[in-house]
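Novice: Model the following, please.
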Amino acid sequence: MICELYQTGKYTEKELGEKLGVSKQYIQQVLAKNGIKGGLKARLKAEYEVRMYAEAIALIREQYRKGISIAKAQKDIGVPANIRSRLWRPNDDDNNEHLKSKLFRKTKVGEIPQGFTKPCLEWTGYYHQNSPIFARSNVGQRKAFYWTYFVTKGEMPSEGVQTCGNRKCVEPSHIK
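Specialist: Model prediction:
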């Protein structure tokens, strides 16, 4: 009964204690045992933040999935970092979409090599010793075709050899 009354939002812990003839501390103990945290002000503030920033958080998530960094997106949209981190953290699906967007933004469609059905995806990003390189800050640099193969197939290629003969190509179907 205490939890239900408290969750209506009509009473503070002190008011509820006075209504039921118990101390505020007892009310806090009962609420804590039932996993209800924070006072009315904290709950109302959290609910306000969710309502106030819900649309902005959706925009940040959309921008992130398009390959824009979280910091840039939240700065452009105007959401403080502490609020964004409380309301949304990227999941694995968000991170994969972000990586795909960053990768494929650095490619252009080439010609269809003889014996293949798909055209080459030519890397327009960074090269090191004639190899297309994609850098991820947490894992360092790796040949770009490894990443395109990984994000499309879900695994690293066994040999990592481009079968089409185009050194710029990162098309996953041209890699074995």
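Novice: Just checking the distance from the top helix by length along the chain to the centre of its chain.
Specialist: If you go by DSSP state H, the chain has its longest helix at helix 40-65. Computed by C-alpha atoms, centre = their mean, to the nearest Å, the chain-centroid distance of helix 40-65 equals 15 Å.
Novice: And the pLDDT for residue 43?
Specialist: For residue 43, the model assigns a pLDDT of 68.
Novice: The helix or strand following the longest helix of the chain to helix 40-65, inter-axis angle?
Specialist: Next in sequence after helix 40-65, counting helices and strands by DSSP states H and E, comes helix 70-77. Going by axes from the mean of the first three to the mean of the last three C-alpha atoms, to 10 degrees, helix 70-77 is angled at 110 degrees with respect to helix 40-65.
Novice: Check which helices and strands helix 70-77 is in contact with.
Specialist: Under the contact definition 3 or more C-beta pairs under 8 Å, 6 or more residues apart in numbering; DSSP states H and E, helix 70-77 sits against helix 40-65, helix 81-87. Using the backbone N, CA and C atoms, a C-beta is placed for each residue, glycine as well.
Novice: Return the distance of the residue most central in space within the chain relative to residue 148.
Specialist: With distances taken as C-alpha atoms, centre = their mean, the residue of the chain nearest its centroid is residue 90 (2.3 Å). To residue 148, residue 90 is 20 Å away according to C-beta to C-beta, to the nearest Å.
Novice: before we move on, the earlier item: need the helices and strands packed on helix 70-77 in JSON lines (columns: distance to residue 111).
Specialist: Listed next are the helices and strands packed on helix 70-77 as JSON lines, based on distance: least, C-beta to C-beta, whole Å:
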{"stretch": "helix 40-65", "distance to residue 111": "30"}
{"stretch": "helix 81-87", "distance to residue 111": "43"}
